[in-house]
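[1] generate coordinates for the sequence data below:
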Amino acid sequence: MKLLNETLKKISTLDAEAMKKASLHIDSLFKPLKSLGRLEDLAIQLAGITKNPFPSVDNKAIIVMSADHGVYEEGIAPDPQSITAIQTPNFAKGLTGVCALAKQARADVVIVDIGIAKDIQDHRVINRKIRYGTSNMAKGPAMTREEAIKSLEIGIEVTLDQIKNGKKLIGTGEMGIGNTTPSTAIFSVIGGIDPEEIVGVGAGLPTEKLKHKAAVIRKAIEVNQPDPKDGIDVLSKIGGFEIGGMVGTMLGAAAERIPVVVDGFISTAAALIAITIEPKVKDFLIPSHYTAERGGKVAIELVGLKPMFDMELRLGEGTGAALAFNFIEAATFMVKEMGKRP
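    Numbering: from 1, shown residues only. Model (predicted):
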C-alpha cells in the first residue's frame, strides 16, 4: 500500500507552460493553422505530460499482463483456459500479433505472469504471479482487497523498471482467456449499465451464449455489490489480476510523467479503474483505437477519451497501442522536423 500511496501523491496535472510553448511553436510551422488536426493536439498533450515542448518518444515498450480468471468455470469463453499459459511464452518468443506490430514500431514487448493458472517455464516471462488465477466472481470476490492492491503495485514496479531503463512511451497489453467478462462487469458497475447492453463475444463466444454471459456478470455484481466509486473495491470483487496490473502501469507512468497508451476493451476497463482511483490520470492517457468488441464505444465514452482510429481490431494484447505508437512519434517529428514560417 505504501508504493501505491506514494505513486498517487506524485500524479499531478499537465504542464500549462509547456503546452503553451508547444502550441505557439506548432502555429508557427509551414502549414495552415490547425491543418494537422489531432496530431497537433497530441503534440500539445505530450508537451503537457513531459513538461517539454519538444519531447522524444523513441524508446518505447508495451507491457503485457497475463492472468487467468476463476469465472471461466461458468462457461463464458469458447477456448480452453490453458491457452493463456500456452500463448504467454509466445510473447516472449516474439510470435504474437502485438510482437509483430511492436517490431514495426521499434518497441519492446515486456510480458508479465501476474496470475496465470499454470507455472510458465520461460525466463523471459517476468514472474510476478499473485496466485493461480482469480476466484470465481460469480460466487464471491475475485480477489481480496490486499491482492488487488498488490496487482496495482506490481504494475507500478514493472513500469518504473522500464522507465528507469529509458522508456519514454508505454503501452498497455494483456492476455487472459475470459477477461472480457470482468471487463464488461467493470463497465456495468461504474457506468450503471445492464450487462446485456454491452456484453460481447470476446474471443469468439457463440452469440447464442451472450445472454448466459450477461447473466453471469449480473450475478457477480449482485453477489459482490462492488462500490462504483471505489476503484480498488471494483477491481477486487469483479476484476482480474492483469487488469490490476495495467491499472498500475497507468498510475506509475502518470506519476513519472510518461505518456501511456490505452489499447482495447480490457485496457479501457483498466483505464476506467485508474481514473476512478485518481481522476488526474486521465490527462496522461492516450487512447489508441475503437475496439470492435460490442460495448467498446460505450466503454471509451465512459472513460471520456477519443481514440485515434477505428480498424475493427479486437485482438487485444496491446496491438492497437503498438499501431498508435506511430501516430504519437509522428507528432514529435512534426514538432521537431517541420520548418517555421519566415
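[2] how about the strands in the chain?
    60-67, 107-115, 126-127, 169-175, 260-262, 285-287 (DSSP state E).
[3] T144 contacts K237, correct?
    No: using CB atoms under 8 Å, T144 is not in contact with K237, being 9.9 Å away. C-betas here are computed from N, CA, C, even on glycine.
[4] what number of residues lie near P80?
    11 (other CB atoms under 10 Å).
[5] just for the stretch 201-342 of the chain, where's the confidence low?
    203 (pLDDT under 70).
[6] going along the chain, name the helices of it.
    210-224, 231-238, 241-255, 265-277, 296-303, 319-337 (DSSP state H, counting those that start in this stretch).
[7] could you dump the fourth one to PDB, C-alpha only?
    It stands for helix 265-277. The C-alpha atoms that make up helix 265-277 are tabulated as PDB, following Å, rounded to 0.1, in the frame of the first residue of the first chain:
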ATOM      1  CA  PHE A 265     -11.600  -3.200 -24.400                       C
ATOM      2  CA  ILE A 266      -9.800  -4.800 -21.400                       C
ATOM      3  CA  SER A 267      -7.200  -2.000 -21.300                       C
ATOM      4  CA  THR A 268     -10.100   0.500 -21.300                       C
ATOM      5  CA  ALA A 269     -11.600  -1.200 -18.300                       C
ATOM      6  CA  ALA A 270      -8.200  -0.700 -16.600                       C
ATOM      7  CA  ALA A 271      -8.300   2.900 -17.600                       C
ATOM      8  CA  LEU A 272     -11.700   3.300 -16.000                       C
ATOM      9  CA  ILE A 273     -10.500   1.800 -12.800                       C
ATOM     10  CA  ALA A 274      -7.400   4.000 -12.800                       C
ATOM     11  CA  ILE A 275      -9.400   7.200 -13.400                       C
ATOM     12  CA  THR A 276     -11.800   6.100 -10.600                       C
ATOM     13  CA  ILE A 277      -8.900   5.800  -8.200                       C
END
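[8] what is it packed up against?
    strand 169-175, helix 180-191, helix 231-238, helix 241-255, strand 260-262, strand 285-287, helix 296-303 (3 or more CB pairs under 8 Å, 6 or more residues apart in numbering; DSSP states H and E).
[9] redo the ones you listed as JSON lines? Include distance to K336.
    Putting the helices and strands packed on helix 265-277 into JSON lines (distance: least, CB to CB, whole Å) gives the following:
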{"stretch": "strand 169-175", "distance to K336": "15"}
{"stretch": "helix 180-191", "distance to K336": "37"}
{"stretch": "helix 231-238", "distance to K336": "37"}
{"stretch": "helix 241-255", "distance to K336": "22"}
{"stretch": "strand 260-262", "distance to K336": "20"}
{"stretch": "strand 285-287", "distance to K336": "19"}
{"stretch": "helix 296-303", "distance to K336": "30"}
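[10] tell me which of those sits nearest to M311.
    Closest approach to M311 among those (CB to CB): helix 296-303, 12.3 Å.
[11] deepest in the core, which of the helices of the stretch 201-342 of the chain is it.
    Comparing those by mean neighbour count (mean count of other CB atoms under 10 Å), helix 241-255 comes out on top with a mean of 31.
[12] and the angle from that helix to helix 231-238?
    160 degrees (axes from the mean of the first three to the mean of the last three CA atoms, to 10 degrees).
[13] closest to T159 out of the helices and strands packed on helix 265-277?
    helix 241-255 (3.7 Å).
[14] using CSV, list the CA coordinates for the closest one.
    What follows is helix 241-255, C-alpha atoms only, in CSV (Å, rounded to 0.1, in the frame of the first residue of the first chain):
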residue,chain,number,x,y,z
PHE,A,241,-5.0,-9.6,-11.9
GLU,A,242,-4.0,-8.5,-15.4
ILE,A,243,-6.5,-5.6,-15.3
GLY,A,244,-5.0,-4.5,-12.0
GLY,A,245,-1.5,-4.8,-13.4
MET,A,246,-2.5,-2.5,-16.3
VAL,A,247,-4.1,0.0,-13.8
GLY,A,248,-0.7,0.0,-12.0
THR,A,249,1.1,0.7,-15.3
MET,A,250,-1.1,3.7,-15.9
LEU,A,251,-0.7,5.1,-12.4
GLY,A,252,3.1,4.5,-12.4
ALA,A,253,3.6,6.1,-15.8
ALA,A,254,1.4,9.1,-14.9
ALA,A,255,3.4,9.6,-11.7
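[15] can you give me how far that helix is from the chain middle?
    Centroid separation for helix 241-255 versus its chain: 8 Å, with CA atoms, centre = their mean, to the nearest Å.
[16] and for stretch 28-36?
    On CA atoms, centre = their mean, the centre of stretch 28-36 falls 32 Å from that of its chain.
[17] list of residues touching that stretch?
    26-27, 40, 334, 338-341 (CB atoms under 8 Å, 6 or more residues apart in numbering).
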